[in-house]
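J.: need the 3D shape of this:
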Amino acid sequence: MVTTIQVDEKTILLLKRLKQELEASSYDDAINKIVIKCLKPDRSMAGSLKKYVGNLSKEEILNNLKDKNDRF
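T.: Just a heads-up that it's a prediction; the model follows:
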């Protein structure tokens, strides 16, 4: 389905630039590429603390955070 949309001159200039920079075959392709990039979740940080805490369990990590009065 083809739909026509109305955009300002500034927007069409930005779309032309975006299309060229992304090497897109059409404005539709350029818009799709940028929307997908924006909606894609950032790289997961799961497991990123392992390099700092090693193979400690959650209980060991929490115990190491407690002070002499058993407070966090």
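
J.: gap between the two ends of stretch 21-32?
T.: Stretch 21-32 has an end-to-end distance of 14 Å (Cα to Cα, to the nearest Å).

J.: which other residues reach that stretch?
T.: Stretch 21-32 is touched from outside by 15, 18, 19, 33, 34, with contacts defined as Cβ atoms under 8 Å, 6 or more residues apart in numbering. Backbone N, C-alpha and C define where each C-beta goes, glycine included.

J.: helix or strand for the fourth one, which one?
T.: In this structure, residue 33 is located in helix 27-39 according to DSSP states H and E.

J.: and for the third one?
T.: Counting by DSSP H and E, the element that carries residue 19 is helix 9-21.

J.: can you give me the angle that helix makes with helix 27-39?
T.: If you take axes from the mean of the first three to the mean of the last three Cα atoms, to 10 degrees, helix 9-21 sits at 80 degrees to helix 27-39.
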